[in-house]
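> let's see this in three dimensions:
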Amino acid sequence: MGSPLGVLFANFFVGMVEREVFRIINKPAIYARYIDDIFVKVAKEEDLIPLREKLQAVSGINFTIESSADGKFPFLDVLVAQNQTYFNTSVYTKPTNPGLCLSGKSEYPQRFKDSTISAYIRRALKHCSSWKSANLEIERATYVLVNNDYSNQDISKANQQMVRPSSSSP
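As a prediction, the model looks like this:
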């Protein structure tokens, strides 16, 4: 197993590489990174070549380039779709995802099962840029959870708690 500090060291290393690279070339208008996954928006794909070459030269790491298809690009577990002036986002699930999660009939404590349900709903609410896509993702997640033996009652309860929090706050 790797060190618990591995993610911290990787993030620090790539941050130092970026600092050196962006002293040499201009940073793209849209540049986002999570550890070693980088999202960049450029006018032409050829504009990525100098950035990739500098990142590789400074770091010694081989960077690959993936392009969008039909104006859509999966980045981590978010599907980013380019509109005319902005991005639409929704949850990205790989086509090979079998839809498995912790079984609702497992011997794990109920709080673990409740947390599984909440994680699906939270991901929909955080990653989707519109209520329509959030609702579609919650419907998909409900289907996955029911297929993994969760009750509709538990799913509805968690959904109501997260989507429509109680009005006890001022």
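> which residues in this protein form strands?
If DSSP state E is used as the criterion, the strands of the chain fall at 30-34, 37-41, 72-75, 78-82, 87-91.
> within its sheet, name the partner strands of the second one and how each one runs.
Think strand 37-41. strand 30-34 (antiparallel) (DSSP bridges).
> residue 100 contacts residue 116, doesn't it?
No. Judged on Cβ atoms under 8 Å, residue 100 makes no contact with residue 116 at a distance of 11.2 Å. (Each C-beta comes from the backbone N, C-alpha and C, glycine too.)
> who has more neighbours out of these two?
Shown here are residue 100 and residue 116; by other Cβ atoms under 10 Å, residue 116 has more neighbours (21 against 9).
> number of nearby residues for residue 88?
With neighbours defined by other Cβ under 10 Å, the count for residue 88 comes to 16.
> excluding covalently adjacent residues, which one is nearest to it?
Of all residues beyond its chain neighbours, the one nearest residue 88 is residue 81 (4.4 Å), with distances taken as Cβ to Cβ, 6 or more residues apart in numbering.
> what's the neighbour count on that neighbour?
For residue 81, the neighbour count with other Cβ under 10 Å is 16.
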